[in-house]
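A.B. asks: predicted model and sequence below, questions to follow.
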Amino acid sequence: TGEMAWYFQFTPHDVHDWDAIQVPILADIDVGGEARKVMMWANRNAFYYTLDRETGEFLVGKPFAKQTWAAGLDESGRPIRVPNMFPSTEGTVVSPPASGGTNWMSPAYSPRTGLFYVMAFDGEAEFFIRDEEYVEGDRFIGGGQQRVLPMERYTSAVRAIDPLTGDLRWEYPIQPQTWAGLLTTAGDLVFSGSVDGYFYALDAVTGRGLWQIAVGAQVRAAPMTFAVDGQQYVTIAAGN
């Protein structure tokens, strides 16, 4: 019918540009002894969520990257805001930055390990608000952000999250920050790429680095896998 069945708002009154453009993953998992059809979502606001995708019920929520704007989530999944963290004329330092604790880089889920994998970033930014005259047809944002420290001063990592609890199982630091997506395989591997032109594989259970190869350009894509005549291949696009 096109009618809305349910909705869930991650960041009510979003003034930090954490619009939820991340990739959700759908899976059927056992939650408290009950089979649930869930949506797993590592959000730009630095919180990880597990939702019931049939009803929109909030099941799990916990930070997966550095965040300073909320004291946590209430029982319905709404953020408990920290006072005085809105943008200001003099500037307010908040984690995560507008680019988020993650962004459009594709996450992954393995039904073998039961873990959700995401490219995470522990950054911050100074957010400003300013008077701006509205002109029809022109960009109108009324504020902005600026970097506080050089990018290499912040932590970027592949992180494995338990979707039943939101707890972090392991992390694999990757510097500098990359926007590459992730892929899991039935061989208990996690594949991704780096800014300095490497394509690599991690142990999906422990996060240990297992293999890497230079592909000649930075990786901003997500890997994919396929099989031909019983032989499995993994492919990645290198460059922009």
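C.D. replies: Perfect, thanks for sending it. Residues are numbered from 1 along each chain as shown.
A.B. asks: measure stretch 4-14 end to end?
C.D. replies: Taking C-alpha to C-alpha, to the nearest Å, the first and last residues of stretch 4-14 lie 21 Å apart.
A.B. asks: how about it: buried residues?
C.D. replies: By neighbour count with 16 or more other C-beta atoms under 10 Å, stretch 4-14 contains the buried residues 8, 10-11. To be clear about C-beta, it is placed using only N, CA and C from the backbone, and glycine gets the same treatment.
A.B. asks: hmm, who's touching that stretch?
C.D. replies: Outside of stretch 4-14, the residues that reach it under the criterion C-beta atoms under 8 Å, 6 or more residues apart in numbering are 18, 20, 41, 43, 45, 47, 49, 51, 55-56, 58, 77-79.
A.B. asks: now swap in stretch 132-148 and tell me
C.D. replies: In contact with stretch 132-148 (C-beta under 8 Å, 6+ apart) are residues 15-17, 87, 91, 93, 97-98, 124-131.
A.B. asks: what's the closest of those to Ala217?
C.D. replies: Ala217 lies nearest to Pro97 out of the contacts of stretch 132-148, by C-beta to C-beta, at 25.4 Å.
A.B. asks: from Lys66, how far off is the closest one?
C.D. replies: Using C-beta to C-beta, to the nearest Å, one obtains 10 Å as the distance from Pro97 to Lys66.
A.B. asks: mutual contacts of the two, please.
C.D. replies: With contacts taken as C-beta under 8 Å, 6+ apart, the residues that reach both Pro97 and Lys66 are 123-124.
A.B. asks: the two: who's more crowded?
C.D. replies: The residue with the greater number of neighbours, taking Pro97 and Lys66 and applying other C-beta atoms under 10 Å, is Pro97; the counts read 24 against 16.
A.B. asks: which helix or which strand is home to that one?
C.D. replies: Assigned by DSSP states H and E, Pro97 belongs to no helix or strand.
A.B. asks: contacting residues for it?
C.D. replies: When contacts are counted by C-beta under 8 Å, 6+ apart, Pro97 is found next to 123-125, 145, 147.
A.B. asks: ok, Thr235 next?
C.D. replies: Thr235 is in contact with 223-226, counting by C-beta under 8 Å, 6+ apart.
A.B. asks: bridge partners for it, pull those for me.
C.D. replies: Going by DSSP bridges, Thr235 is paired in beta bridges with Met224.
A.B. asks: can we start the residue count at 29 from this point?
C.D. replies: Shifting the count to begin at 29 puts that one at Thr263.
A.B. asks: measure it to Thr117 for me?
C.D. replies: Counting by C-beta to C-beta - Thr263 and Thr117 are separated by 49 Å.
A.B. asks: dump the lowest-mean-pLDDT helix or strand in the chain to CSV, restricted to CA.
C.D. replies: Among the secondary structure pieces of the chain, namely its helices and strands, strand 171-175 has the lowest mean (mean pLDDT, DSSP states H and E), a mean of 92. Backbone C-alpha positions of strand 171-175 (Å, rounded to 0.1, in the frame of the first residue of the first chain) are rendered in CSV as follows:
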residue,chain,number,x,y,z
GLY,A,171,26.5,26.2,10.7
GLY,A,172,29.3,23.8,10.2
GLN,A,173,32.2,21.9,11.7
GLN,A,174,36.0,22.0,11.7
ARG,A,175,38.6,19.4,12.5
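A.B. asks: alright, I will stop here.
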